[in-house]
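Undergrad: Sequence and predicted model, in that order:
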Amino acid sequence: MATNEAVRWFMMIGFLVVSISQSCAYGKPEVPCFFIFGDSLLDNGNNNFLPTLRVNYLPYGIDYPTGPTGRFCNGRTPVDVLAELLGFENHIPPFATTFGLATLRGLNYASGTSGIRAETGSQLGVNVNFDRQIQNHKSAVLRIASILRSKESAMKYLNKCLYYVGMGNNDYLNNYLQPRFFNTSRIYTLDQYAAVLVRQYSSQIMTLYKYGARKFALIGVQDIANTTYAFNQNLVSLVEKLNADLGDARFIYVNSSSVTRSTSAGFKDYDTSCCPVNRLGLCAIFQIPCQNRSEYALWDSFHPTEAANIVSARRTYNSSDPSDTYPMDISHLVNLSLES
Ligand SMILES: *[C@@H]1O[C@H](CO)[C@@H](O)[C@H](O)[C@H]1NC(C)=O
Ligand SMILES: *[C@@H]1O[C@H](CO)[C@@H](O)[C@H](O)[C@H]1NC(C)=O
Ligand SMILES: *[C@@H]1O[C@H](CO)[C@@H](O)[C@H](O)[C@H]1NC(C)=O
Ligand SMILES: *[C@@H]1O[C@H](CO)[C@@H](O)[C@H](O)[C@H]1NC(C)=O
Ligand SMILES: *[C@@H]1O[C@H](CO)[C@@H](O)[C@H](O)[C@H]1NC(C)=O
Ligand SMILES: *[C@@H]1O[C@H](CO)[C@@H](O)[C@H](O)[C@H]1NC(C)=O
């Protein structure tokens, strides 16, 4: 038994030496780990295993090095580009297929059709809603505590990581705006719904805080038929409140309409999808997409092209416009030292 223990330690130190020397070869990332919570804008394969919307078929992934992966995009998502800007040697892998030591670099829990509310998107099948993404994170935290051999060292480690949360789009698209399936639009006005959503979101964020999260980027929702203004306003207020209440944590708001719709990005076409779409607005299977994907901002009916994701990720990381990120951009957020 003692021998097994020694062998395990020895192997673990070996792995750590290998991973540390690898990170030196590539330069150390600006944060030790990067955790991602969200919907189809960020999903990179978690839905591939679920009976719901999934896109692990061409033309999705046509510009991604390994082809279709489950990303709802022709190439990289905003968090892929951010991982590169932060100095990670690889994109952050999906929770569904990642085990063991790889957990230390962070995980992507995002699931297409998911939302803040548990029932959101359920008319399309089974997704991993935000509460379950947080449950998955809890199991990753336990994994990290066992790798680092104590809860205290795990918390210290997790305090330094970046937590990127983009939820809420489907609470409109696949809930409030689907009265055939959901009764929220009969129960709440838009203002009430925004308040109810952000209250629930706030308590979910506090659960992540309890699991050691301290540096948060909270992404505003897209402009969906003029229904989401109140949500984003409440989210900005939440960011202000959390920054005032929690001295040892920092929150930023990312204005997704400002970072994705900027006309200065110079796309030829902002409103037509690059691929031919099916009745759900996703790319029809095996259909040929537009020739030059860099000219289009929209890939299918809902999701930006890689070219647009590069523009928005760069503006989220290093913003030259104060309405992009508030009160600071990600390059400053990750640089903060937040000792309590
Ligand atoms: C709304 O629908 C949910 C199920 O989705 C149900 O539990 C709830 O009772 C309904 N509320 C009203 C006021 O109809
Ligand atoms: C959203 O609001 C703008 C300006 O108030 C208006 O021009 C546009 O038609 C509205 N769009 C929808 C889908 O209601
Ligand atoms: C987001 O950006 C848009 C466009 O720049 C701006 O009109 C809007 O006021 C911003 N929203 C917030 C909440 O800062
Ligand atoms: C594709 O479009 C981009 C942006 O308009 C342009 O810079 C590039 O030259 C085009 N590529 C080809 C192969 O036409
Ligand atoms: C951020 O962008 C500005 C120009 O907008 C540039 O001068 C600066 O070097 C960039 N900083 C980083 C860290 O990329
Ligand atoms: C981050 O911190 C380093 C070292 O303190 C400094 O050189 C760099 O300019 C900082 N970057 C930003 C964006 O504040």
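TA: Looks like it came in fine. Ligands and ions are numbered 1, 2, ... in the order given.
Undergrad: make it CA atoms for all contacts and neighbour counts henceforth
TA: Noted.
Undergrad: Next one, pLDDT for whatever residue of the stretch 151-300 of the chain ends up closest to ligand 3 please.
TA: Per C-alpha to the nearest ligand atom, Ser258 is where the stretch 151-300 of the chain lies closest to ligand 3, at 3.9 Å. On the pLDDT scale, Ser258 is placed at 70.
Undergrad: where's it, which helix or strand?
TA: Element membership of Ser258 [criterion: DSSP states H and E] is helix 256-260.
Undergrad: Likewise for Ile36?
TA: strand 34-38.
Undergrad: tell me the mean pLDDT over that strand?
TA: pLDDT averaged over strand 34-38 gives 98.
Undergrad: Give the other helices and strands that it contacts.
TA: When contacts are defined as 3 or more C-alpha pairs under 8 Å, 6 or more residues apart in numbering; DSSP states H and E, strand 34-38 packs onto helix 130-148, strand 162-166.
Undergrad: tell me the angle that strand makes with helix 130-148.
TA: For strand 34-38 against helix 130-148, the angle by axes from the mean of the first three to the mean of the last three C-alpha atoms, to 10 degrees is 160 degrees.
Undergrad: Mind checking what helix or strand follows strand 34-38 in sequence?
TA: Next along from strand 34-38, by DSSP H and E: helix 78-85.
Undergrad: Surely Thr316 is in contact with His332?
TA: No: checked against C-alpha atoms under 8 Å, the pair Thr316 and His332 is beyond contact range at 10.6 Å.
Undergrad: ok, those two, which is more surrounded?
TA: Counted by other C-alpha atoms under 10 Å, Thr316 and His332 do not tie: Thr316 has more neighbours, with 28 against 11.
Undergrad: List of residues touching the helix or strand hosting the more buried one?
TA: Here Thr316 sits within helix 306-317, counting by DSSP H and E. The contact list for helix 306-317 (C-alpha atoms under 8 Å, 6 or more residues apart in numbering) reads 73-79, 81-82, 85, 254, 256, 259-260, 265, 293-298, 324-325, 329-331.
Undergrad: Now the buried members of these.
TA: 73-79, 81-82, 85, 254, 256, 259-260, 293-298, 324-325, 329-331 (16 or more other C-alpha atoms under 10 Å).
Undergrad: Contacting ligand 6 as well, which ones from those residues?
TA: Subset of the buried ones among the contacts of helix 306-317 in contact with ligand 6: Ser331, counting by C-alpha under 6 Å from any ligand atom.
Undergrad: Check the gap between the residue in the stretch 1-150 of the chain that ligand 3 sits nearest to and Ile219 for me.
TA: With C-alpha to the nearest ligand atom, the shortest gap between the stretch 1-150 of the chain and ligand 3 falls at Pro78, namely 17.5 Å. Counting by C-alpha to C-alpha, to the nearest Å, the gap from Pro78 to Ile219 is 11 Å.
Undergrad: Kindly report the same for Thr227.
TA: 16 Å.
Undergrad: more neighbours, those two?
TA: Shown here are Thr227 and Ile219; by other C-alpha under 10 Å, Ile219 has more neighbours (23 against 16).
Undergrad: ok, how many other residues are close to the closest residue to Asn46 other than its chain neighbours?
TA: Nearest non-adjacent residue to Asn46, counting by C-alpha to C-alpha, 6 or more residues apart in numbering: Ala96, 5.4 Å away. Neighbour count for Ala96, taken as other C-alpha under 10 Å: 17.
Undergrad: hang on, Ala96 packs against Gly45?
TA: Yes: between Ala96 and Gly45 there is a contact under C-alpha under 8 Å: 7.5 Å.
Undergrad: what number of residues lie near the nearest residue in space to Phe182 that is not next to it in sequence?
TA: In space, and not counting its chain neighbours, Phe182 is closest to Asn175: 5.8 Å by C-alpha to C-alpha, 6+ apart. Neighbour count for Asn175, taken as other C-alpha under 10 Å: 24.
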